[in-house]
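S.K.: missing the sequence, but the structure's below:
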């Protein structure tokens, strides 16, 4: 993969500032429903822009361009911020809530056994899934 070492260090972006920029730079849409649709389609489009080069790097031997991937990940985050905006959420709060949930779930860091036990207890391993097949072996 092409690396980013040659790039100059930049100031970190605050999430609230980022969400304000989304408001400023988003095309006008007629409703929050249209804004949600735009965000979801944009997220899917950007995931394709990220996954394609990574697939080629991982399985086809084409080195991924990290500068390009950084730009595409930035685009993805722009659409995630747009989705938060459309739903009346703050991106920073969504991230904080996720980190708090993960801290409770995995206080000592991720543990595969803990994850599997949590899913099994909740009945979240459907019959016929790859996970169910491994458990039957």
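M.R.: That came through, no problem. Quick caveat, the model's predicted, so the values are computed rather than measured. Residues are numbered from 1 along each chain as shown.
S.K.: separation between residue 44 and residue 74?
M.R.: Taking C-beta to C-beta, to the nearest Å as the measure, residue 44 falls 16 Å from residue 74. For every residue, glycine as well, the C-beta is placed using N, CA and C.
S.K.: Confirm residue 41 sits in a helix?
M.R.: Yes - under DSSP: H, G, I helix; E, B strand; the rest coil, residue 41 sits within a helix.
S.K.: how many other residues sit next to it?
M.R.: By other C-beta atoms under 10 Å, the residues close to residue 41 number 11.
S.K.: and residue 114, what pLDDT?
M.R.: Here the pLDDT value assigned to residue 114 is 85.
S.K.: Excluding chain neighbours, what is closest to it?
M.R.: residue 106 (6.4 Å; C-beta to C-beta, 6 or more residues apart in numbering).
S.K.: quick one, phi psi at that neighbour?
M.R.: Main-chain torsions, residue 106, degrees, to the nearest 10: phi -130, psi 70.
S.K.: State the pLDDT value of it.
M.R.: Reported pLDDT at residue 106 in the predicted model: 92.
S.K.: Any figure for the gap between it and residue 93?
M.R.: From residue 106 to residue 93 the distance is 21 Å (C-beta to C-beta).
S.K.: contact partners of the helix or strand encompassing residue 79?
M.R.: Using DSSP states H and E, residue 79 sits within helix 66-87. Helix 66-87 has contacts (C-beta atoms under 8 Å, 6 or more residues apart in numbering) with 1-4, 7, 15, 18-19, 22-23, 25-26, 32, 35-36, 38-40, 42-43, 46-47, 49-50, 53-54, 90-91, 94.
S.K.: again, but for stretch 35-48
M.R.: With C-beta under 8 Å, 6+ apart as the test, stretch 35-48 has contacts from 26-27, 29, 72-73, 75-76, 78-80, 82-83, 85-87.
S.K.: So, low pLDDT: which residues of the chain?
M.R.: Filtered on pLDDT under 70, the chain yields the residue ranges 1-8, 119, 123-137.
S.K.: Please enumerate the strands of it.
M.R.: For the chain, no strands are identified by DSSP state E.
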